[in-house]
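Peer 1: return atomic coordinates for the entry below.
(one chain, ligands or ions: 1)
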Amino acid sequence: MFKLSKKIQDLPPYLFLEIDKAKRKAAAAGRDIIDLGIGDPDQPTPRHIIEALYQASLDPANHRYALDQGMPALRRSIAVWYKERFGVSLNPGSEVLPLIGSKEGLAHFPLAFLNPGDYSLVPDPCYPPYKGGTILAGAKPYSLPLLEENAFLPDLKKIPLSVRKKAKIIFVNYPNNPTSATAEKAFYKELIEFARKNKIIIVSDLAYSEMSYDGYRPASILELEGAREVAIEFHSLSKTYNMTGWRIGWACGNEKLTAVLAKVKSNIDSGIFSAVQLAGIVALSGPQEYVKSMCSLYQERRDCLMEGLGALGWQAHRPKATFYVWIKVPRGKSSLKFSELLLDRANIVVTPGVGFGKYGEGYIRMALTVGKERIKEALERLRKI
Ligand SMILES: *Cc1c(COP(=O)(O)O)cnc(C)c1O
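Peer 2: Below you'll find the model as predicted:
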């Protein structure tokens, strides 16, 4: 009776749902599961941000519809944060757009530019909303393989001319989920030239800019000359301040691109809860020590996991950023089969690479979102099998 739209039918199957089911089943059976599958910080939101939310929630003025385009004060604090962090000046009135988490912005953005028959260029493996948003806009995602031999950067020279002509958007995400790869300015320079020459919009997802180790500081594409003519960048408070459930992020950069995204959103949502916006201001402009201490915590976990995997003879890249470790599965095993085996025999949940795209096959992703003791326990279980 209910016939699904073509767009819904075209969406890729959501593999993570199946994994979640298997995990719940195992946990319900009383098995002691170590969950390295979720990219969600395990530590709480800093106390002063929660206090700010509480205080703001008491004010009836904040109970009403928020401004679609975000509070001017939030837009200003985003611009100030940007200037301090990247040395880039943004006009808070026209070049900054608060979002209900960056995911909704990334998924809605294609609606503004893609028509049926158009392509978006999406990295493979990738964060799923780039593909989902493209398909829901009636267009087609075209995969750009992220290969180990290219340091998990897309090879722009390999994109055929016929595809360039139909492509309107290219998504990039460094530091990268799921591979944890990083990009240097030379890559962004080449990307900007590619975008200008082919009239393609750059969408840069910088959700992990603050989660980095060993003194490494990821760059924003907007630091580069000419970026503002072709690029929009997406940021999130989710990973930086342990605020995934709060739903707050932003887009910034080219003013036409941010304005059109605002237009799409004004037809869909009614802004971020004002109390969350006020707490967001406190997060961005308040003390930042907590961010550093979170990085030290993840770095310690990373070192523990890398050392253990090394001792087991497993191949994995040491991440300079993000809380993911991208690991090669043993030869001859599919990522899904290997993930199932780890759950069955070691009660460890990991994410199979194929869930992020065809080129994620051959890898699994582990997230550094459990304590060191649990990581050690997981390594001990791996050693036994
Ligand atoms: C977690 C994550 C985000 C953040 O999403 P929010 O909607 O802001 O919570 C964005 N991009 C990537 C690649 C992520 O992994």
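Peer 1: ends of stretch 209-227, what's the gap?
Peer 2: 17 Å (C-alpha to C-alpha, to the nearest Å).
Peer 1: hmm, it touching the ligand?
Peer 2: No - Stretch 209-227 is not in contact with the ligand by C-beta under 6 Å from any ligand atom; minimum separation 10.1 Å. Placement of C-beta: from N, CA and C, glycine included.
Peer 1: so how far is that stretch off the chain centroid?
Peer 2: 15 Å (C-alpha atoms, centre = their mean, to the nearest Å).
Peer 1: show me which positions of that stretch end up buried.
Peer 2: Ser209, Glu210, Met211, Ser212, Tyr213, Pro218, Ala219, Ser220, Ile221, Leu222, Leu224, Ala227 (16 or more other C-beta atoms under 10 Å).
Peer 1: now stretch 16-32
Peer 2: Neighbour count says stretch 16-32 has Phe16, Ile19, Lys23, Ala26 buried, by 16+ other C-beta under 10 Å.
Peer 1: do stretch 187-203 as well
Peer 2: For stretch 187-203, by 16+ other C-beta under 10 Å, it's Phe187, Tyr188, Leu191, Ile192, Phe194, Ala195, Asn198, Ile200, Ile201, Ile202, Val203.
Peer 1: which of those sits closest to Ala56?
Peer 2: Val203 (30.9 Å; C-beta to C-beta).
Peer 1: before we move on, back to that, dump the buried residues of stretch 16-32 into CSV; add pLDDT and secondary structure as well.
Peer 2: Shown next, in CSV, are these (pLDDT from 0 to 100; DSSP: H, G, I helix; E, B strand; the rest coil):
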residue, pLDDT, secondary structure
Phe16, 78, helix
Ile19, 83, helix
Lys23, 90, helix
Ala26, 92, helix
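Peer 1: out of those, which is nearest to Ala283?
Peer 2: Phe16 (27.6 Å).
Peer 1: settle this for me: the closest one is touching Gly355, isn't it.
Peer 2: Yes - applying C-beta atoms under 8 Å as the test, Phe16 and Gly355 come out as touching, 5.9 Å apart.
Peer 1: show me which pair in the buried residues of stretch 209-227 is furthest apart.
Peer 2: Of all the pairs that these form, the one spanning the most space (C-beta to C-beta) is Tyr213 and Ala227, at 25.5 Å.
Peer 1: so which elements touch the longest helix seen in the chain?
Peer 2: Using DSSP state H to define each element, the chain has its longest helix at helix 289-312. On a contact count with 3 or more C-beta pairs under 8 Å, 6 or more residues apart in numbering; DSSP states H and E, helix 289-312 meets strand 324-328, helix 372-384.
Peer 1: what does it rub up against?
Peer 2: Here helix 289-312 makes contact (C-beta atoms under 8 Å, 6 or more residues apart in numbering) with 41, 43, 46, 210-214, 240-242, 316, 318-319, 323, 325, 327, 366, 368, 370-372, 375-376, 379, 382-383.
Peer 1: for the helix or strand bottoming out on mean pLDDT in the chain, packing partners?
Peer 2: The weakest-scoring helix or strand in the chain, judged by mean pLDDT, DSSP states H and E, is helix 15-28 (a mean of 87). Other helices and strands packing on helix 15-28, by 3+ C-beta pairs under 8 Å, 6+ apart, are helix 335-346, strand 351-352.
Peer 1: put together TSV for those, with mean pLDDT, mean neighbour count and distance to the ligand on each row.
Peer 2: Listed next are the helices and strands packed on helix 15-28 as TSV, based on pLDDT from 0 to 100; neighbours: other C-beta atoms under 10 Å; distance: least, C-beta to the nearest ligand atom, whole Å:
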stretch	mean pLDDT	mean neighbour count	distance to the ligand
helix 335-346	95	18	18
strand 351-352	96	25	12
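Peer 1: and those: which comes nearest Ser89?
Peer 2: Once the helices and strands packed on helix 15-28 are compared by C-beta to C-beta, strand 351-352 is nearest, at 38.3 Å.
Peer 1: so after that closest one, what's the next helix or strand?
Peer 2: Next along the chain after strand 351-352, taking DSSP states H and E as the criterion, comes strand 363-367.
Peer 1: contacts for that next one, please.
Peer 2: 36-40, 125, 178-179, 305, 323-329, 335, 338-339, 342, 350-353, 356.
Peer 1: quick one: which of the helices and strands packed on helix 15-28 is nearest Ile100?
Peer 2: Across these, closest to Ile100 is strand 351-352 (C-beta to C-beta), at 24.7 Å.
Peer 1: now check stretch 280-294, is it near the ligand?
Peer 2: No - contact of stretch 280-294 with the ligand (C-beta under 6 Å from any ligand atom) is absent, the minimum separation being 11.4 Å.
Peer 1: pull out the buried residues from that stretch.
Peer 2: Gly280, Ile281, Val282, Ala283, Leu284, Gly286, Gln288, Tyr290, Val291, Met294.
Peer 1: quick check: residues of the stretch 151-300 of the chain near the ligand?
Peer 2: Counting by C-beta under 6 Å from any ligand atom, the stretch 151-300 of the chain sits next to the ligand at Asn173, Asn177, Asp205, Ala207, Ser236, Ser238, Lys239, Thr244, Gly249.
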